[in-house]
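**Student:** Below is the structure, and that's it, no one-letter string:
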């Protein structure tokens, strides 16, 4: 009852390649790409029992996934500061856009009022050239 012989080197190569793809966030078979042993099994295309026959590879994958997920406190602080600055920049850009719209409206109003002022001055000048008639007997 001998089945076909297992190629342990090919199994190790498949597990190692699957781990590299998952850690590089470029999975071929995994739907989620999460850094879990279940996803490693899916990505490798091997049966679960075969993957667990290589515990050193599973443990190495777990260690690399943990190390990748562990961020130093300084990096976390910088990430939070970056996100805060992005938020402030977005707010400042929105305010600038609003101010630019308001300035454009004001320029249009100033131009229109200047025209109205010029027209009023012309009307006043024309009206002042009319002589006033005085009533007789005054």
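**Tutor:** Happy to help now that I have it. Please read these numbers as outputs of a predicted model, since none were measured by experiment.
**Student:** so which strand or helix has the most centrally placed residue in the chain?
**Tutor:** Among the residues of the chain, residue 86 comes closest to the average C-alpha position under C-alpha atoms, centre = their mean, at 9.4 Å. Element membership of residue 86 [criterion: DSSP states H and E] is helix 73-128.
**Student:** Could you chop the chain up by domain?
**Tutor:** Per automatic domain parsing, the domain ranges recorded for the chain read 8-69, 72-128.
**Student:** Just the pLDDT at residue 1, thanks.
**Tutor:** With respect to pLDDT, residue 1 scores 49.
**Student:** related to what we said a few turns ago, how much space between the residue nearest to the centre of the chain and residue 79?
**Tutor:** Noted for residue 86: a distance of 11 Å to residue 79, by C-beta to C-beta, to the nearest Å. Quick note: C-beta positions are derived from backbone N, CA and C, even for glycine.
**Student:** Which residues are in contact with residue 19?
**Tutor:** Contacts of residue 19 were listed using C-beta atoms under 8 Å, 6 or more residues apart in numbering, and they are 40, 43, 57, 60, 61, 64.
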